[in-house]
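A.B. asks: Please work out how this folds:
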Amino acid sequence: MSDGMFRTVSGFKTGYDPNEVDDFFDHARTVYEKGPAGALAAKDVRGVAFDVVRGGYVTSAVDAALDRLEAAFVARSRAEFVAENGQQAWLTSLGEQARTLYGRLGRPDGDRFAPPEGRDQGYEPADVDALCHRLVAYFDKGAPLSAGEIRGATFRSRKGHNAYGEPAVDAFFARAVEVLLGVE
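C.D. replies: All right, here's what the predicted structure looks like:
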């Protein structure tokens, strides 16, 4: 039974399953406060998914809490890494992670990602490429961009060989979020 961590939707609307959400946040709190370190990481928070049920939790509230939780795990990881290896090693590690993004960022518009498999839905390349341009400006010129902006980005749907496959795009931007959280 849910203990009511978040507001619920009204009537016949759907939201995240309260029991699943409560269980996850209880587990995350325990791991964060008592360890062991590494038992739950930022990528685990980013990858969690909940069933959608009638009368569930308001999804935007849970998603915002997940974003804050992910940032807390990144900050903890950074603090542990810096304590053990030093600030310069952390910056070097972040630089290496950022360089893994440059292979795709350097590709021409429309050719950054493979198309979706078969008849799968994809993303509109122009939308994805626009966010890639913002990442390049962030890395090369220090233009403002936050992990939250990347997380909140939406791309129009597109089918066919002129679309970008969703899994590769999602994985790429998840890595970008990790890099940006590492410096925020």
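
A.B. asks: which residues are in contact with the worst-scoring helix or strand of the chain on mean pLDDT?
C.D. replies: Using mean pLDDT, DSSP states H and E, helix 42-47 stands out as the lowest-scoring helix or strand of the chain, at a mean of 82. The contact list for helix 42-47, computed with Cβ atoms under 8 Å, 6 or more residues apart in numbering, reads 28, 66, 69, 70, 71, 73, 74, 77, 174, 177, 178, 181. All C-beta atoms are positioned from the backbone trio N, CA, C, and that covers glycine.

A.B. asks: After that helix, which helix or strand is next? Please name it.
C.D. replies: Sequence-wise, the next helix or strand downstream of helix 42-47 (DSSP states H and E) is strand 52-54.

A.B. asks: pLDDT weak spots in this protein?
C.D. replies: Segments of the chain classed as low confidence (criterion: pLDDT under 70) are 1-3, 36-38.

A.B. asks: all strands for it, in order.
C.D. replies: With DSSP state E as the criterion, the chain has strands at 14-16, 52-54, 122-123, 157-158, 164-165.

A.B. asks: And the second one, what's buried?
C.D. replies: Of the residues in strand 52-54, those with enough neighbours to count as buried (16 or more other Cβ atoms under 10 Å) are residue 53.

A.B. asks: Now the lengthiest helix in the chain: buried residues?
C.D. replies: Criterion DSSP state H: the longest helix present in the chain is helix 59-85. For helix 59-85, a neighbour-count test (16+ other Cβ under 10 Å) marks 59, 61-62, 65-67, 69-71, 73-74, 77-78, 81 as buried.

A.B. asks: For it, what is the distance to the chain centroid?
C.D. replies: Between the centre of helix 59-85 and the centre of its chain there are 11 Å (Cα atoms, centre = their mean, to the nearest Å).
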